[in-house]
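[1] could you look at this predicted model? Sequence included:
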Number of protein chains: 2
Amino acid sequence: MSRSLVHKSAKSVSGPKPADIRLEDGLSVQARAAPRDRIVSTACELFRQHGIRGIGVDAIAVAAETNKMTLYRHFGSKDDLVCETLRFTSEKAAAFWDELEAAHPNDPMARLHGWVAAKAKCLADERFGCDLANAAVELKEQGHPAHAVIENFKLAQRRRLEDLCREAGVSEPELLSDTLAMLMEGAQVSKLATGSEGPSMRFLRACEAAIASFRQPA
Amino acid sequence: MSRSLVHKSAKSVSGPKPADIRLEDGLSVQARAAPRDRIVSTACELFRQHGIRGIGVDAIAVAAETNKMTLYRHFGSKDDLVCETLRFTSEKAAAFWDELEAAHPNDPMARLHGWVAAKAKCLADERFGCDLANAAVELKEQGHPAHAVIENFKLAQRRRLEDLCREAGVSEPELLSDTLAMLMEGAQVSKLATGSEGPSMRFLRACEAAIASFRQPA
DNA sequence: CATAGGTGTGACCGGTCGGTAACTATTCGG
DNA sequence: CCGAATAGTTACCGACCGGTCACACCTATG
C-alpha cells in the first residue's frame, strides 16, 4: 500500500526557532502562535494534503514544531483534533459569507454573481476541494463525531445560499440554490478526479447559465 | 481514532460451504465463483463500505471466503487490488451506457432523460457515491496507480455524456454535459455529507431544468 | 527565590497494517 | 492414476499506528 511516506523534512519551516528573535527591551517580536493554534492550522493543512487517515498524529505534532504529548494535552484524541480542524475551517467559511455580504451591499443579484466568481477562484487556486466534504467521503464509520460538524456546516451553507437566491428574486430559489450547491461540490470532486481540464473547467459558465435560466421575466 | 473495527462476523455469508452442494451425477450446482472473482467483488463492496484505507487485505480475504495468501497470489499488492476493483466498477459502468443506448433507440432526447432518471435512481438506491470519485478523494498520494484508472473512467464518462447531449441536439452540448456531470458528482458527495435531505434531493429537477434551458428553440 | 503550569523528550504499550515463508490439502487435466 | 497447478493454513516479519508514562525543562508570576 506504500504506507504514508510523509516527507521527513517537516522541520525547519521558518528558520531556526523564530521564538528566539527578541528586541533589546525583551519584547518578543514575530512571536509564533500558541502550540494549540499551530497544531490546528498545521493539522488542517496536512489533512488536506494527505487525507485524514493518511497522516499520523506524530507527524502533525512535529510539523507544528511541537510534540505528540503536547498535542494530546490539548486534544483528547485524533478524532477530537479532526473535529476541531473541521470547525476551524467552518469558521473561516462563515467569515467568507460575511465578507461577501459586505462587498455587495443592497445588491443581492451582484452578491449572487460574486459568490459564483469567488467559488470559481477558489476552484482555480486550491488543489484540494472542500475539506468538510472530503472528510465526509473519507470517514464512513457512522457515529463518527465529525459527521455532526460536517452536517452543521453544510446545513448553514445551504441556508445562506438559499437566502442569497431568494433575495436575488429568482424564480424557484430553492431549486437554484441546490443546483449551485451541487455544481460547486461536483466541480471540486471532479477536479480531484479529472484535473483542471475536466467538467470543472466550465463551472463558472454552468453557474451563470443556471442563474440566467431562473431569472424572473422582469 | 477508533481504528477499523470491522465486524468479525464476515464468515458464513451464504450457508455452510455452498461449494459442497452437488448433484448425484457429480456435476456441481451453484458452483461459487473462482477465488479471484470473489476477491474482486468482495473488495469492491468493502472498499465502498469502509473506504480503501479503512479495510485491510486480511479482512477482505476472509470476507471473500479465502485467505490472504491466495489474495497475494492473484494481486501483487493492495494497490493492485484497488486498481482491479476500480477497473471492475468501470466495466460495469460501461455496460450501463450500452443498456441505456439499447433502451432508447433512435431517440437521443429520450436517452438523455433516461440517463437523468437512471442516475436519480442510483442516487436513491446506493448509500455511497461513485467509487471512482471517492477513490480520487481518498488517495491523495500523487503517482498512485489508481489515478490512471480513475482518469480513464472519468474521461470515457465525459465523452459519452457529451455525445449524448450532442445527439440530442441541444445548444452548447459541451456546457450541458459538463453541467450534468457536475450535478451528478455533486449530488453524490452532497448526499454523503448531508444525507438524502440535502441538495441532492433536487438532483432530478435540477437536471431537467438544465436540459430544458439548453433546448434548441425548435 | 520559590512555585506552578505549560512545554519538550524519549521510551514504551498493545494493536494493526501490508506482505512473505513453508507446508499441506485439494482439484483437475492428461 | 499421477503430477502439476491452485488453494488453504499458520506463523511470522518489520513498520507504523494512536495513545500513555515519567521526568526534565522553561518561564511567568507571586
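    In hand now; what should we look at?
[2] which of the three states applies to A:G143?
    coil (DSSP: H, G, I helix; E, B strand; the rest coil).
[3] got phi/psi on it?
    In terms of degrees, to the nearest 10, the main-chain angles of A:G143 are phi 90, psi 0.
[4] can you count the residues close to it?
    Residues lying near A:G143 (other Cβ atoms under 10 Å in any protein chain shown) number 7. In short, each C-beta sits where N, CA and C put it, glycine included.
[5] in chain A, which spans are helices?
    With DSSP state H, the ranges of helices along chain A come out as A:35-50, A:57-63, A:68-74, A:78-103, A:108-125, A:131-138, A:146-167, A:173-194, A:203-213.
[6] okay, those helices, which one's buried deepest?
    Among the helices of chain A, helix A:173-194 has the highest mean neighbour count (mean count of other Cβ atoms under 10 Å in any protein chain shown), at a mean of 26.
[7] before we move on, the earlier item: of all the helices of chain A, which lies closest to B:T70?
    The closest of the helices of chain A to B:T70 is helix A:131-138. By Cβ to Cβ, the value is 29.1 Å.
[8] want to throw the helices of chain A into TSV with mean pLDDT?
    Supplementary listing: those in TSV, determined by pLDDT from 0 to 100:
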stretch	mean pLDDT
helix A:35-50	97
helix A:57-63	97
helix A:68-74	97
helix A:78-103	97
helix A:108-125	98
helix A:131-138	98
helix A:146-167	97
helix A:173-194	98
helix A:203-213	98
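[9] now do the buried residues in stretch A:51-58.
    In terms of neighbour count (16 or more other Cβ atoms under 10 Å in any protein chain shown), stretch A:51-58 has its buried residues at A:51-57.
[10] that stretch near DNA strand C anywhere?
    No - using Cβ under 7 Å from any atom of the strand, stretch A:51-58 stays clear of DNA strand C, coming no nearer than 8.3 Å.
[11] how far does that stretch stretch from start to finish?
    Taking Cα to Cα, to the nearest Å, stretch A:51-58 runs 15 Å from one end to the other.
[12] what residues are up against A:M182?
    Residues near A:M182 by Cβ atoms under 8 Å, 6 or more residues apart in numbering or on different chains: B:182-183, B:186-187, B:190, B:199-200, B:203, B:206.
[13] swap in A:R111?
    Counting by Cβ under 8 Å, 6+ apart, A:R111 touches A:100-101, A:103-104, A:164, A:167-168.
[14] quick revisit: just the contacts of A:M182 now: which is nearest DNA strand C?
    Using Cβ to the nearest atom of the strand, B:S190 is the member of those that lies nearest DNA strand C, at 28.4 Å.
[15] wait, doesn't that closest one sit right on B:S196?
    No - using Cβ atoms under 8 Å as the test, B:S190 is too far from B:S196 to be in contact (10.0 Å).
[16] now, which of the buried residues of stretch A:51-58 sits nearest chain B?
    A:R53 (4.4 Å; Cβ to the nearest Cβ).
[17] give me the pLDDT for the residue lying closest to that closest one once chain neighbours are set aside.
    With sequence-adjacent residues excluded and distances taken as Cβ to Cβ, 6 or more residues apart in numbering or on different chains, A:R53 is closest to B:R53, at 4.4 Å. Each residue has a pLDDT score; the one for B:R53 is 97.
[18] try A:Q142
    pLDDT, A:Q142: 88.
[19] how many residues are close by it?
    Neighbour count of A:Q142, defined by other Cβ under 10 Å: 6.
[20] roughly how far apart are the closest residue to DNA strand D within chain A and A:R158?
    Closest to DNA strand D within chain A is A:G56: 2.8 Å, counting by Cβ to the nearest atom of the strand. With distances taken as Cβ to Cβ, to the nearest Å, A:G56 is found 34 Å from A:R158.
[21] cool, A:D125 as well?
    According to Cβ to Cβ, A:D125 stands 23 Å off from A:R158.
[22] repeat for A:R32
    According to Cβ to Cβ, A:R32 stands 37 Å off from A:R158.
[23] what's near enough to touch A:S200?
    By Cβ under 8 Å, 6+ apart, the contact set of A:S200 is A:123, A:186-188, A:190-191, A:194, B:182.
[24] give me phi/psi at the closest residue to A:G169 other than its chain neighbours?
    Nearest residue to A:G169, sequence neighbours excluded (Cβ to Cβ, 6+ apart): A:Q216, at 5.8 Å. The phi and psi values for A:Q216, taken as degrees, to the nearest 10, are phi -60, psi 140.
[25] ok, A:Q216 touching A:V170?
    Yes - taking contacts as Cβ under 8 Å, A:Q216 lies within contact range of A:V170: 6.4 Å.
[26] who has more neighbours, the two?
    A:V170 (22 against 8).
[27] against A:L176, how distant is the more buried one?
    5 Å.
[28] for those two, list the residues in contact with both.
    A:211, A:214.
[29] OK, contacts around the residue nearest to A:R53?
    Going by Cβ under 8 Å, 6+ apart, B:R53 touches A:51, A:53-54, A:138, B:138.
[30] export these to a markdown table and append columns for distance to DNA strand D.
    Rendered in a markdown table, the data for those read as follows (distance: Cβ to the nearest atom of the strand, whole Å):
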| residue | distance to DNA strand D |
| --- | --- |
| A:G51 | 11 |
| A:R53 | 7 |
| A:G54 | 8 |
| A:E138 | 13 |
| B:E138 | 15 |
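[31] now tabulate those in TSV and tack on distance to B:F96.
    Formatted as TSV, these follow (distance: Cβ to Cβ, whole Å):
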residue	distance to B:F96
A:G51	29
A:R53	30
A:G54	31
A:E138	26
B:E138	23
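[32] can you list the domains in chain A?
    Under the assignment automatic domain parsing, the domains of chain A span A:18-74, A:78-213.
[33] run the chain-centre distance for the shortest one.
    If you compare the mean C-alpha spot of domain A:18-74 with that of the full chain, they lie 19 Å apart, counting by Cα atoms, centre = their mean, to the nearest Å.
[34] from A:H144, how far out is A:V57?
    16 Å.
[35] ok, A:K121 next?
    Going from A:K121 to A:H144 by Cβ to Cβ gives 31 Å.
[36] just A:H113 next, same as before
    37 Å.
[37] all good on my end, thank you.
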